[in-house]
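Enquirer: pasting the sequence and the predicted model now:
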Amino acid sequence: MSSLQPVRGTHDLLPDDSRRHRHVEQTAFEVVKRYGYGEVVTPIFEFTEVFSRTLGETSDVVTKEMYTFADRSGDSITLRPEGTAGVARAFISGGLSQNLPLKLFYRGPMFRHERPQKGRLRQFHQVGVELLGVDSPQADVEVVSMAFRMLQALGLGDTVQLEINTLGDADSRTAYRDALIAYLEPFRDALSEDSRARLDKNPMRVLDSKDEGDKRIVAGAPLIQDCLTPGARAFFDEVCAGLTALAVPFVVNPKLVRGLDYYCHTAFEFITTALGAQGTVLAGGRYDGLIGQMGGPATPGIGWAAGVERLSMLVEDVPEAARPVAIIPMGDVQAAMVLADRLRAVGLAVDLGFSGNMKKRMARANKARARFAVILGDDEAARGAVTLRDLDSGSQEEVPLAALEERLLRP
RNA sequence: GCGGGUGUAGCUCAGUUGGUUAGAGCGCCAGGUUGUGGUCCUGGAUGUCGUCGGUUCGAAUCCGAUCACUCGCCCCA
């Protein structure tokens, strides 16, 4: 056991793992491309204010989970804990308000200084989308249903469940907040210690407390649905109707809330019971106020992000890498390299070992899952040919060197 | 940040009330096969028992600390 360990909560992705990881990323991108989303690549660090001002000064992410440091010029820099703030910043600094609506996809590492657990890392990866500049519920329907189609493409359509809620508009939220506090305040002494703190800081968080006593109290609490303005209600109804029309299964969870300050109207999560305490696999919502609040032109937005590691743990079928052709030189190594070069030029994956006798090289070919072994022997070479061995059937034939590509590319 | 569990070969794991040279399976290496893998047979090498310290004649085993992983809480993808 080496003393050289990775930093806590970080992970190496060796080829078998990275193939799975890329499959998730790539499938997500392929699906969202069908909706017209293009990839945006933003820096993995930003000035600290980009996150502290947008996520909410009191949120856990900002108060205790950010990787923040001063760079050599003394600026406060933070490794991004999520993707939306950086995309919003890029939108503003790039003057992209001329290009609305804008459909963006992103992928890459995120950083949060948390206690690691299954499905929770300090450096983890997300794929996500943002749809900017559309304030109609159609946008919500597109973005949520697109998430579901992506999960289906990964074979997870039946593994996850979509929960959806509305947080309403500003007036709805103010009214609801007041009603909720009025209801909970008389129970203050009966609430758990955590929930007493929530009551002061972010009352809606009391709703999804896991404490049994809290749950009993919360069961009688007013719901956001009771406080919605007519506009907010109509908006949510349209979102639900749209999802139904697209046959996207969902349940309304009136107690679903969001941790970050910038959300309004639609909030949703795809959850699973297969990952222990980390049930959320993809989550998102609408954030109409975010870009204006950051100093940009008032621009509505909606998006989601999914944890690549969490999805990877659920995905069962990952495509295998292409099977190579193995070249087995009997004597002339240079001739083997020339032949490998020729076959690679026509797109074949070629395995050519660096050492070993025939037996070793055959074993290596087998381990590489090679479909064929091309044996370069003196006898065949004298006839301008090679021996082609089918490693699945064990049969072999002599093939003229000139016809080798044609033979290998034949389906 | 708080609480519980675990840490032995590359991997998955045995290891008795503390006892002398720490084991198995898989994988790896070599041979059986001078130009034939995958199956089979034979043989071989695995190691700071996470790390540091303590108790003891003696520690993988008991104690403490520490690190990592893991489960739950908080929170979240």
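Expert: Ah, there it is.
Enquirer: what residues does A:Gly353 make contact with?
Expert: Taking CB atoms under 8 Å, 6 or more residues apart in numbering as the criterion, A:Gly353 is in contact with A:Ala326, A:Lys360, A:Arg361, A:Arg364. Heads up, the C-betas are built off the backbone N, CA and C, glycines and all.
Enquirer: among those, which are in helices?
Expert: Cross-referencing the contacts of A:Gly353 against helices under DSSP state H gives A:Lys360, A:Arg361, A:Arg364.
Enquirer: specify which member of the residues you listed is nearest to A:Leu199.
Expert: Closest to A:Leu199 out of these is A:Arg364 (65.1 Å), distances taken as CB to CB.
Enquirer: before we move on, the earlier item: tell me the most packed of the ones in helices among the contacts of A:Gly353, by neighbour count.
Expert: Highest neighbour count within the ones in helices among the contacts of A:Gly353, by other CB atoms under 10 Å: A:Arg361, with 23 neighbours.
Enquirer: and the closest residue to that residue other than its chain neighbours, what are its bridge partners?
Expert: The shortest distance from A:Arg361 to any non-neighbouring residue, by CB to CB, 6 or more residues apart in numbering, is to A:Ile328 (4.8 Å). Bridge pairing for A:Ile328 (DSSP bridges) gives the partners A:Ile375.
Enquirer: which residues does A:Ile328 contact?
Expert: Contact analysis of A:Ile328 by CB under 8 Å, 6+ apart lists A:Ala336, A:Met358, A:Arg361, A:Met362, A:Ala365, A:Ala373, A:Val374, A:Ile375, A:Leu376.
Enquirer: where do the strands sit along the stretch 101-250 of chain A?
Expert: Residue ranges of the strands in the stretch 101-250 of chain A, as given by DSSP state E, counting those that start in this stretch, are A:102-111, A:123-132, A:161-166.
Enquirer: including mean neighbour count, mean pLDDT and distance to A:Ser393, could these go into a markdown table?
Expert: Compiled in a markdown table, the strands of the stretch 101-250 of chain A are given as follows (neighbours: other CB atoms under 10 Å; pLDDT from 0 to 100; distance: least, CB to CB, whole Å):
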| stretch | mean neighbour count | mean pLDDT | distance to A:Ser393 |
| --- | --- | --- | --- |
| strand A:102-111 | 20 | 97 | 41 |
| strand A:123-132 | 23 | 96 | 41 |
| strand A:161-166 | 22 | 95 | 46 |
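Enquirer: for RNA strand B, which of those is the nearest?
Expert: Closest of the strands of the stretch 101-250 of chain A to RNA strand B is strand A:123-132, at 3.6 Å (criterion: CB to the nearest atom of the strand).
Enquirer: list the buried residues for the one helix or strand in chain A whose mean pLDDT sits lowest?
Expert: Least confident helix or strand of chain A, by mean pLDDT, DSSP states H and E, is helix A:60-64 with a mean of 75. Neighbour counts using 16 or more other CB atoms under 10 Å place A:Val61, A:Val62 of helix A:60-64 among the buried residues.
Enquirer: who's in contact with that helix?
Expert: Contacts for helix A:60-64 (CB under 8 Å, 6+ apart): A:Phe51, A:Ser52, A:Leu55, A:Gly56, A:Glu57, A:Pro81, A:Glu82, A:Arg112, A:His113, A:Gly259, A:Leu260.
Enquirer: at 10 Å what do you get?
Expert: Helix A:60-64 is contacted by residues A:48, A:51-57, A:68, A:78, A:81-82, A:112-114, A:259-261 when judged by CB atoms under 10 Å, 6 or more residues apart in numbering.
Enquirer: and A:Ile224, how far is that from A:Ala283?
Expert: 17 Å (CB to CB, to the nearest Å).
Enquirer: the two: who's more crowded?
Expert: A:Ile224 (26 against 20).
Enquirer: ok, now which ones touch that one?
Expert: A:165-168, A:172-173, A:175-177, A:179-180, A:204, A:207, A:232, A:236, A:254-257, A:267.
Enquirer: just these: which are in helices?
Expert: With helices taken from DSSP H, the overlap with these comprises A:Ser172, A:Arg173, A:Ala175, A:Tyr176, A:Arg177, A:Ala179, A:Leu180, A:Ala232, A:Phe236.
Enquirer: nearest residue to the third one other than its sequence neighbours?
Expert: Sequence neighbours aside, A:Cys227 is the residue nearest to A:Ala175 in space, at 4.3 Å (criterion: CB to CB, 6+ apart).
Enquirer: returning to that earlier point: can you tell me which of the contacts of A:Gly353 are up against RNA strand B?
Expert: Contacts with RNA strand B within the contacts of A:Gly353, counted by CB under 7 Å from any atom of the strand: A:Lys360.
Enquirer: pull the most distant pair out of the contacts of A:Gly353.
Expert: Maximum distance among the contacts of A:Gly353 (CB to CB): 11.7 Å, for A:Ala326 and A:Lys360.
Enquirer: number of residues surrounding the residue of the stretch 51-200 of chain A found nearest RNA strand B?
Expert: Per CB to the nearest atom of the strand, A:Lys118 is where the stretch 51-200 of chain A lies closest to RNA strand B, at 2.8 Å. A count of neighbours around A:Lys118, defined by other CB under 10 Å, yields 12.
Enquirer: against A:Gly307, how distant is it?
Expert: 12 Å.
Enquirer: equivalent analysis for A:Asp75, please.
Expert: From A:Asp75 across to A:Gly307, the span is 29 Å (CB to CB).
Enquirer: those two - which one has more neighbours?
Expert: Shown here are A:Asp75 and A:Gly307; by other CB under 10 Å, A:Gly307 has more neighbours (24 against 10).
Enquirer: now the more buried one. Its backbone dihedrals?
Expert: A:Gly307 adopts backbone torsions of phi -80, psi 120, taken as degrees, to the nearest 10.
Enquirer: kindly report the same for the one 4 residues further on.
Expert: For A:Leu311, the backbone dihedrals (degrees, to the nearest 10) come out as phi -60, psi -40.
Enquirer: check contacts around it.
Expert: Listed by CB under 10 Å, 6+ apart, the contact set of A:Leu311 reads A:20-21, A:23-25, A:27-28, A:119, A:125-127, A:150-151, A:154, A:156, A:159-160, A:270, A:272, A:275, A:281-282.
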